[in-house]
Structures are given as C-alpha cells and as structure tokens.
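Participant: Need coordinates for the below:
(2 chains)
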Amino acid sequence: MYVAVKGGETAIAHSLELLADRRRGSRDLAELTLDQIDQQLALAVDRVMTEGSCYDRSLAALAIKQARGDLIEAIFLLRAYRTTLPRFGHSEPIDTSRMVAERRISSTFKDVPGGQVLGPTFDYTHRLLDFSLAANGERPAAPTAPVDATRDLPRVGDILEREGMLEPPPANVGGPTQDITRDPLTLPAERPVRLQNLARGDEGFLLALGYSTQRGYGNNHPFVGEIRFGAVPVSFVPEELGFPIEIAEIDVTECDMVNQFAGSHDVPPQFTRGYGLAFGHAERKAMAMALVDRALRAEELSEAVTSPAQDEEFVLAHSDNVEASGFVQHLKLPHYVDFQSELVIVRTLRAEVEARRQQTALDQAAE
Amino acid sequence: MPDTISSNDPSDGAYNYAYLDEQTKRMIRRAILKAVAVPGYQVPFGGREMPLPYGWGTGGIQVTAAIIGRDDTLKVIDQGADDTTNAVSIRRFFARVADVATTTRTEEATVIQTRHRVPETPLKDGQILVFQVPIPEPLRMLEPRETETRTLHALSEYGVMQVSLYESIARHGRIAKTYNYPVLVNGRYIMSPSPIPKFDNPKLDRNPALQLYGAGREKRIYAVPPHTPVKSLDFDDHPFEIERWTECCALCGSTQSFLDEMIVDDAGKRRFICSDTDYCQERQEEQRR
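Facilitator: Numbering: from 1, shown residues only, chains lettered A, B, ... in the order given. A predicted model of the protein is given here:
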C-alpha cells in the first residue's frame, strides 16, 4: 500500500514512453510532417505563434505535433523554447500601412481608399460539412487579382483622424518599452504593457471578455474601423550599420476598433480606439483583443470601472493560458500533507460539536 | 564565458549550465540578495517560462537553478517524500541540466528544494531550503488586488489578517487554519510560509539554514535569512498550536513527526506513517542496528 501512493522514476519513464507511443497513433498510417501541419493546419500554427510569442512556423508546427494537437500545450512548448533564446535587439515598429493585404475590410464605410478586399474568410461559408474533403479530393488553385505591392494602404482610422473625429494613436514616447517576458508585471500597467499581455493572452479568455462588453458589462459601442491581414516587412537596425535593414516578412492580422465616446467637460465628443494585433491570420483574436484593450482604457477616459473586462488586475492576471493551465492542473499533484492537516482539524471540530451536543442532552435530562 | 553542459543526451548541449542563461541567473541572484536584505518582503523578479508547468515548482526551480553549482548536493522533496513523482521529476531535471549530485539524506544536502514540508531532521548552518510557493501573498484571499496588498504591507496594516483569525475563533472556538499559516518575519512583514502544515511553522523560527521562497507564476522571491525570528500569528488567549496525533508512525514508531494517514482496506482501516521518508528510514535503520 505504501508503494502504491508514491510514484517512482520507473513509472515516469514508462508514462513518457506511453505518451510518445500514443502521439504516433496507428503505425498503419503515414506520420504527419511539419510541412503538412504548417500548410494544412495553418490557423493552428498562427495561434501557437501568437500566444507563444514566437514567429516561427516550423517550430510552432513541431510543437503542435509534439503536443498531439493540444494547442495550449504547444504554446507552452514554444514559450519554454523561446525563453532560452538570446536577445540581440529589438526590431523597428512594423508599419501596417505598408502591408501587402490579402484581406482588408471596414464596417464603418461602404467603400474606402484601397477598397474592401474579402480574401480568404470563413465569414460567408455555409457551415455544411464538406464530405469531398473526406475523399481526399484535390483542389484547383483559386484565381486571385494581381496585388500592387508598391502602393501604401492607408488606414481607415487615419482618415477619420484627420477630421478630428477619431482620437490619434498614442504618440511614440521613444525609449524601450518594458518587455513582459523579461520584467515582472507591475500594476497599474501602461497601455504598451497591457497590449503585450493581451497579444499573448488566451484567445478564449479574451473572446469571452470581449463578448461580455457587448452584452452590457462595460459596453463601449464598438465598430470595426478596419481589419487587415497580410504580409508586413520587419526592419532591424544593426549597431554596426546604424540604419534599418529588412530582415523578414511576417503575416499579421490587425484590428482597429472604433468606439463611441461621449466626451467630457473639456473634450468634445469623439471616437476612441481599441487595438488588436496577432501573428498570422487570427481575426477572432485580434477583434477580441481590441474590445478588451478599449475596455481597459476606462479609467484613462474617465469611465466608471464596473465590469470584469474593465478591471486591469483581473484581466492581466488571468489572461495567460500557460499560467492558468499550469496552476489549475497542479491540483493533480499530491496534497496529502495539507489534506492531513485539514482532516485533523475537521475531526477535532466535529468531536467538539459532538461533545457539546451530548452535554446539552445531559443538562436537559437533568432538568 | 558560460559553461555549457554535455551529457549522454546530445540535445542538452544546447542549454546553459543549470538551464537558465547567465544573465537570467544574475537577475534572480539580485532578487535573492534583496530578499535576504529585507526578510519577508516579496521581491518582484522577471520570472521565465520554465520547461516544467507553472504551479509545479517553477519558482523554486528558478531559485535553485540560480544558486546551484557543481559542488552542491541537491535533495528534492514533495509532501516530505523524495520519491513522489514531481520530486523525482525535478531531481532528474537538475541531475540532467546541472550535473549535480543528488541525495535523499537531509544531512548530506547543501540545497533542499521542497514543496509543502520542512524536513524533520534539524537543518544546519550553510544549508539552503528552497520552497516552492503557489501564492506568495499572505493577504491574497482577504484582498485579491495586488495594488492594495502592496500598500497594506508598506504600512504594516495587518488588521485584516488579525480579524480573519479572530473570525475563525468566533466561528470554531479556535484558529482553524491548518496550512499556509501566516507568520510575522523579523517583526516586520507578514509572510506566507507556503502551504506547509502549521506543524512545520516552529521550524522556520531562528533556523540556522537560509530559507528562500520562489513563486514562478506570480514572479516573486522572498527569503528568511538564518537565525531570523519567525512568529506564527496568534492571540494571547489563543496561542498558536500545532497538529497532534494520538497514533505513532507504523514504520518507525515516531511520535514527534508529521504523520500521513493511509486507508489500507475497503473497510476504511487507517494507518499512519511519517510524511518525511528520509527521517523515517533513518530511524528504522537506527533501530535495526
């Protein structure tokens, strides 16, 4: 009996072997390749890169394969690798007006300079299972219009901003921004820190919080100013050179949410912004992030903080799924010492109650 | 030049000695020094993602990784036992990435990483006890906001904790808190001793070993330097007391140690044995001699 409650080194070793075996599944089937995951489960790769805070499609694909498709586990794997990488600097801020957009929509204007581009989206699919996919049918390549990569794509927000209808984006204050993967989170947090936290925050958590603002828990009347998805260049200034060079191109999804703001005594009514950005194609994540970003600006905009989505400590402390998953699942670890202490005190308290009851019964009998 | 570690596993060469890079270790050591200088004060630190999950000892692991060297002998316990799965896993991790000698003997260890217990064998000068801490803030369940609790600590405004203990007495006739029992360190900061049973609290007081507490998910480190007074909170008319058993250990007969209860048959028959496996085995060996 004593041995049964203790785990041994052998048990762990066997468990690891079993896990690797189950990961492989039936040997009658071909093994998944990382390229297949990258190409055919692309949105899973995007999510793992976003919440893993590491833009590397093949590493994310490897993590998904190793985690048997458990995306939060894959995010954890990627982050644990990322944290060991040396830092050799910070890139320049990406400029999304230079995006070669594969998709770009605005719900605030019927037409916008640069046009509405639907691109690949689930939005207008009828959610009917496509049984031809089960039969391994090959697809012909889809026709696409030629893309003019030389022209900048102005942001819808910039147009509103010129009129003074929309608040300008926060000025670049210069200097390095705090890095939440290197420095502990301190509260109250600045908006750049909050946005970092939301960018790697759990999509499901942000989705629920964003949704709650729409149902009246901190409503701020959002409109999608613009969502765009496509490739942007990443530039870096090497110390030896002193000028920026392009080192990569990455796919990002950006959401600029436009929200009502009643104005105050000194400020005339104008629209305010919530911002969302994610690696790859991740509109649900970017939109939820933008809603929560705007909700968290309540204090800055002199709105009453009444709802969970507006509560900075609540949101920032619970958004991280790697932290949450670990702490929830640590309940699987043995707690029998603490439980023993509880058993001792509960037995003592029960004995005292029982003694009191008997005493009362005796007293009553005596009367 | 950071020295890397090579072992039979070729992939391990990719990581620095004791897993963390030297810059990170330096940052953690600074936090530890500050924690030692201000006993019981929670120092924020840039906690890293570790290859083990949050809530499974990442704070303790980072502290151990920052202080361990090749001359050290490491002991890892969970619930007092060296052979519980998570203790085995953490000990294997350090044997692999830090090339360090491991032991189950409390006396032989220079660094002891623990979850939920303080060893029964008294610790000595020069030993370091590293606690894994889930929630470093002792006031957290009374006040969920970090901004508030930091202010309460700064002002030594601890009335809320005394009231909660008083409420327990009013309801149960005694302080019914059994583990993670709050302590006052060096007469200044109220500190969470981590979820050790209150049975272990007296061992924290004026202990000759250095106590380091690491909370990975919450990114806090705190410390109790050797020989520092640590007082368990109580009232004059309700003094602090520890758990007692009417039974003794079924294996070594100890009446002085913390006992785990096991149910040994379908009828619910119970048996008690020491939670500290090393202490229990030492006593059994002594009795055989």
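Participant: Nearest spatial neighbour of B:R105, chain-adjacent residues omitted?
Facilitator: In this structure, B:R105 finds its nearest non-sequential neighbour in B:D278, 6.0 Å apart by CB to CB, 6 or more residues apart in numbering or on different chains. Using the backbone N, CA and C atoms, a C-beta is placed for each residue, glycine as well.
Participant: That should have said B:R117, apologies.
Facilitator: In space, B:R117 is closest to B:G80, 3.9 Å off (CB to CB, 6+ apart).
Participant: residues in contact with that neighbour?
Facilitator: A:V337, B:H116, B:R117, B:P119, B:E120, B:F258, B:D260, B:C274, B:S275, B:D276, B:T277 (CB atoms under 8 Å, 6 or more residues apart in numbering or on different chains).
Participant: if I pick the second one, what's in contact with it?
Facilitator: I take that to be B:H116. Per CB under 8 Å, 6+ apart, neighbours of B:H116: A:H335, A:V337, A:D338, B:D78, B:Q79, B:G80, B:Y179, B:S194, B:P195, B:I196, B:P197.
Participant: do the last one as well
Facilitator: Counting by CB under 8 Å, 6+ apart, B:T277 makes contact with B:I77, B:G80, B:A81, B:D82, B:D83, B:T104.
Participant: near chain A, which residues of the stretch 151-289 of chain B show up?
Facilitator: Within the stretch 151-289 of chain B, the residues that sit near chain A (CB under 8 Å from any CB of the partner chain) are B:172-174, B:176, B:178-180, B:195-199, B:217, B:219-220, B:243-245, B:258-262, B:264, B:271, B:273, B:275.
Participant: So which of those are in strands?
Facilitator: Those of these mapping onto strands are B:R220, B:L259, B:D260, B:E261, B:M262, B:R271, B:I273, per DSSP state E.
Participant: per-residue pLDDT, the fifth one?
Facilitator: The model reports B:M262 with a pLDDT of 88.
Participant: Break chain B down into its structural domains.
Facilitator: Following automatic domain parsing, chain B resolves into domains at B:10-141+B:167-232, B:244-289.
Participant: Of these, which stretch is the most buried?
Facilitator: domain B:10-141+B:167-232 (a mean of 20; mean count of other CB atoms under 10 Å in any protein chain shown).
Participant: and that one, average pLDDT?
Facilitator: The pLDDT scores in domain B:10-141+B:167-232 average 94.
Participant: what's the top helix by length along chain B packed up against?
Facilitator: Counting by DSSP state H, the longest helix found in chain B is helix B:22-37. Judged by 3 or more CB pairs under 8 Å, 6 or more residues apart in numbering or on different chains; DSSP states H and E, helix B:22-37 is in contact with strand B:43-44, helix B:58-67, strand B:210-215, strand B:220-224.
Participant: Quick one: closest of those to A:L118.
Facilitator: For A:L118, the closest of the helices and strands packed on helix B:22-37 is helix B:58-67, at 44.6 Å, according to CB to CB.
Participant: Make TSV out of the contacts of B:H116 and add distance to B:F235.
Facilitator: TSV is the format used below for those (distance: CB to CB, whole Å):
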residue	distance to B:F235
A:H335	28
A:V337	26
A:D338	24
B:D78	33
B:Q79	30
B:G80	30
B:Y179	20
B:S194	24
B:P195	23
B:I196	22
B:P197	20
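Participant: Of those residues, just say which sits nearest to B:D125.
Facilitator: The closest of the contacts of B:H116 to B:D125 turns out to be B:I196 (CB to CB; 21.4 Å).
Participant: show me what contacts the closest one?
Facilitator: Here B:I196 is in contact with A:V337, B:H116, B:R117, B:V118, B:F131, B:Y179, B:N180 (criterion: CB under 8 Å, 6+ apart).
Participant: Please report how far it lies from B:H116.
Facilitator: According to CB to CB, to the nearest Å, B:I196 and B:H116 sit 6 Å apart.
Participant: No further questions, thank you.
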